[in-house]
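Chemist: Need coordinates for the following:
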Amino acid sequence: MLRKSLLLTAFSLCLFGCSFGDKSKEQENQEPIAEAIPRFVEYEIEKISEELGPCSTDTTSRKCLIINIEYPKITGVVSQQVMEKLNENIQNDILSSTFLSDKPTTFDELKNELEADYNTIIKDFPEYANAWNLEVNSDILYQDSLFISLASTVYSYTGGAHPNSGQMYRSYDLRTGEAIGLADILREGYEEELNQVAEIEFRMTKEIPPTESLEERGYWFENDRFELTENFAIINKSLIFYFNPYEIAPYAMGPTELELKLTDFVSLIKEGGVIENYKN
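Modeler: Just a heads-up that it's a prediction; the model follows:
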């Protein structure tokens, strides 16, 4: 607690409280923004598991492309239109996180692209005997009446010195099926205040005093100014941000997960957003 107090003093920041006046008459003549979902959305886990290449016909072969994918598919409670948009966006967000140069639009395209690349490698280099792997694990972490939040972990090895791995956090609006960005839930001009709050938390997590630059510790923020990533989700009255390897530091420094309590910047919450009720 002492360390946190010192950091707060050094930055001269005031975290905002949760005191609000009576708003019972504030919007009495306005229609509700949206109808809340009365219960959790229904979904099932879709699974894709295949072994491609020589190992598909020869179980002793070390030449193999192994694909294992699990992801949620929304099946009920929301409207058909919203359900289709949710499933489309969930799949597209996962596919965009698979470390492929040509971003596939379907899981079949992803499989075909990997298989073609792997077959080219083992044809051009007959002695090559390394297996390639792609693993995706995605599931719903949190549900609210107006949104759901997912975490997707992607691991791939397609040759090279080490595998690639990453995690994607994303929240989706159950009124529209669209992914939620910070601008959708925080008022205009939120960036400076939110980044100040987040930098305090980041420095405490990494044990970096306010007198030391982030660059000196090996971080790659532009102009040595801390800035949050858009890789985040709303989970249990917090915003969880995730910096993947290579995003703000060398691979050896690993990823960083940062949790910001909504109560620490409640005055930034936007009217009409999916977390508006969290102001109370």
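Chemist: now the stretch 151-280 of the chain, which segments are flagged as low pLDDT?
Modeler: Of all residues in the stretch 151-280 of the chain, none has pLDDT under 70.
Chemist: OK, contacts around the residue most central in space within the chain?
Modeler: By CA atoms, centre = their mean, the chain has its centre lying nearest to residue 169, at 1.8 Å. Counting by CB atoms under 8 Å, 6 or more residues apart in numbering, residue 169 touches 149-151, 231-233, 240-242. Backbone N, C-alpha and C define where each C-beta goes, glycine included.
Chemist: hmm, 10 Å instead?
Modeler: 141, 149-152, 229-235, 239-242, 257 (CB atoms under 10 Å, 6 or more residues apart in numbering).
Chemist: Quick one, which of those residues are buried?
Modeler: The neighbour count (16 or more other CB atoms under 10 Å) marks 141, 149-152, 229, 231-235, 239-242 as buried among the contacts of residue 169.
Chemist: Could you tell me which of the residues you listed belong to strands?
Modeler: Counting by DSSP state E, the buried ones among the contacts of residue 169 place 141, 149-152, 232-235, 239-242 in strands.
Chemist: the helices in this protein, which residues?
Modeler: 2-11, 80-95, 107-124, 182-185, 191-206 (DSSP state H).
Chemist: Flag every buried residue along the last one.
Modeler: Right, the one you point to is helix 191-206. Quick answer for helix 191-206 (16+ other CB under 10 Å): 193-195, 197-203.
Chemist: Just name the closest of those to residue 275, please.
Modeler: Lowest distance from residue 275 to those (CB to CB) belongs to residue 194, with 13.3 Å.
Chemist: just to revisit the earlier point, out of the helices of the chain, nearest to residue 73?
Modeler: helix 80-95 (5.7 Å).
Chemist: average pLDDT for that closest one?
Modeler: The average pLDDT for helix 80-95 rounds to 96.
Chemist: coming back round to it: nearest to residue 83, of the buried ones among the contacts of residue 169?
Modeler: Nearest to residue 83 among these, with distances taken as CB to CB, is residue 150, at 14.9 Å.
Chemist: my guess is the closest one contacts residue 233, does it?
Modeler: Yes - if you go by CB atoms under 10 Å, residue 150 and residue 233 touch, sitting 6.9 Å apart.
Chemist: Which neighbours do those two have in common?
Modeler: Joint contacts of residue 150 and residue 233 (CB under 10 Å, 6+ apart) are 141-142, 168-172.
Chemist: what's the farthest-apart pair in those?
Modeler: 142 and 168 (14.6 Å).
Chemist: These two - which one has more neighbours?
Modeler: residue 168 (20 against 17; other CB atoms under 10 Å).
Chemist: buried sites along stretch 46-64?
Modeler: Of all the residues in stretch 46-64, those buried under the rule 16+ other CB under 10 Å are 51-55, 63-64.
Chemist: next one: stretch 116-136
Modeler: Of all the residues in stretch 116-136, those buried under the rule 16+ other CB under 10 Å are 117-118, 121-122, 132-136.
Chemist: Kindly export it (C-alpha atoms) in CSV.
Modeler: This file holds the C-alpha atoms of stretch 116-136, laid out as CSV (Å, rounded to 0.1, in the frame of the first residue of the first chain):
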residue,chain,number,x,y,z
ALA,A,116,-0.4,-25.5,-48.9
ASP,A,117,2.5,-23.8,-47.1
TYR,A,118,3.5,-26.9,-45.2
ASN,A,119,3.4,-29.1,-48.4
THR,A,120,5.6,-26.6,-50.2
ILE,A,121,8.2,-26.7,-47.4
ILE,A,122,8.4,-30.5,-47.3
LYS,A,123,8.5,-30.7,-51.1
ASP,A,124,11.3,-28.1,-51.4
PHE,A,125,13.2,-29.5,-48.4
PRO,A,126,12.8,-33.3,-48.3
GLU,A,127,14.9,-33.6,-45.1
TYR,A,128,12.6,-31.3,-43.3
ALA,A,129,10.9,-33.3,-40.6
ASN,A,130,9.4,-30.8,-38.1
ALA,A,131,5.7,-30.8,-37.4
TRP,A,132,3.7,-27.6,-37.6
ASN,A,133,1.0,-26.8,-35.1
LEU,A,134,-1.9,-24.4,-34.7
GLU,A,135,-3.9,-24.4,-31.6
VAL,A,136,-6.8,-22.1,-30.8
